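**Q** With the input below, show me the fold.
(one chain, ligands or ions: 1)
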Amino acid sequence: MRHLMSPLDFTPEELDRLFDLANDIEHNPAKYAHACDGKILATCFYEPSTRTRLSFESAMIRLGGRVLGFSDAASSSASKGESVSDTIRIISCYADICAMRHPKEGAPMVASEKSHIPVINAGDGGHQHPTQTLTDLLTIRSLKGRLHSFTIGLCGDLKFGRTVHSLIGALIRYANVQFVFISPEELRVPDYITELLREKNIPFREVIRLEEVMPDLDLLYMTRVQKERFFNEEDYVRLKDFYILNAAKLELARKDMLVLHPLPRVNEISVEVDEDPRAAYFKQAQYGVYVRMALILTLLESCR
Ligand code: NCD
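**A** Numbers count the residues shown, from 1 in each chain. Now for the predicted structure:
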């Protein structure tokens, strides 16, 4: 039985098979409409979510399965002091697979150790967000036709953004990928990531101004400043509008650059950009459903 804690739990070959399956689901949805008849997905969300939870639920329903769960720690027994280890033992009696989001780094991993069903990390604090990374990789592969040989700019909150940490970890396994980290000084990518890149001789640059690097990018991954992970409101207010991508800045970019964003967006992408053919973030959300369908099928298959 397999769990998903990090995108690195799958080899690049396994990821290719997962993405092939996701693309098949995209083009032949009817073929999969009863693939999970009789199966139940539990969504245990101890932190707010719109896309991740609902795309998991949509994925399971589109596969013919059913869903149960909670979307708020306050409405679960966590509010009475129950541990995730105990909760997952109980959920294992009620469901066949579980997606868990938790504010504490490592909580889904602790759950997986006691679980009788596959556990999917749906985001653990500022640490990892593997299913967003699968979504990002599927989007890039589907729209660019490859997962190698490009320059990707990651912009915004590179310190607290778990989607950024997971995505960098996944992309370093592909050849010829260069990184440009665009952030204010206070929100730079953590040292453990830059150390890893140096160790592996992977080219990267750290800059503050987005305009300066825009013409060099094949992909631009925008992120929200992670308000909930700040220790004081003042710092958040000072940094929240540091980057605003608008039509004028996009003029500097290549004609085939893609703009990605895990969403939710606050102010960092102006709505005028939504009409630009390079804006791929709403398509990305759609790919998130296909890839979660493929993931549910793959993990349930691993229980046989
Ligand atoms: C992201 C997250 O939860 O980390 N959202 C998502 O799942 N698509 C990004 C964010 O909240 O900024």
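**Q** which residues of the protein fall in helices?
**A** For the chain, the helices defined by DSSP state H occupy 12-27, 51-62, 84-94, 107-114, 130-144, 162-171, 191-199, 210-213, 233-239, 247-250, 281-301.
**Q** These: which one's closest to Pro184?
**A** Closest to Pro184 of these is helix 233-239 (CB to CB; 5.8 Å). Every C-beta, even on glycine, is put in place using the N, C-alpha and C of the backbone.
**Q** anything in that closest one near the ligand?
**A** No - judged by CB under 6 Å from any ligand atom, helix 233-239 stays clear of the ligand, getting no closer than 13.1 Å.
**Q** same check, this time on stretch 136-143
**A** No - residues of stretch 136-143 are not located near the ligand by CB under 6 Å from any ligand atom, the shortest gap being 9.7 Å.
**Q** Please apply the same query to stretch 214-224.
**A** Yes - for stretch 214-224, a contact with the ligand is found by CB under 6 Å from any ligand atom, at Arg224.
**Q** Report the mean confidence score over that stretch.
**A** For stretch 214-224, the mean per-residue pLDDT is 98.
**Q** what's it in contact with?
**A** Counting contacts by CB atoms under 8 Å, 6 or more residues apart in numbering, the residues outside stretch 214-224 that touch it are 136, 140, 144, 150-158, 161, 163-164, 167, 180, 243, 245, 249-250, 252-254, 256-262, 264-266, 268-269, 281.
**Q** Now for the nearest residue to Ser71 once chain neighbours are set aside: which residues touch it?
**A** With CB to CB, 6 or more residues apart in numbering as the criterion, Ser71 has its nearest non-adjacent residue at 4.9 Å, and that residue is Phe45. For Phe45, the contact set (CB under 8 Å, 6+ apart) comprises 52-53, 69-72, 100-101, 122.
**Q** again with Val207
**A** Val207 touches 180-182, 213, counting by CB under 8 Å, 6+ apart.
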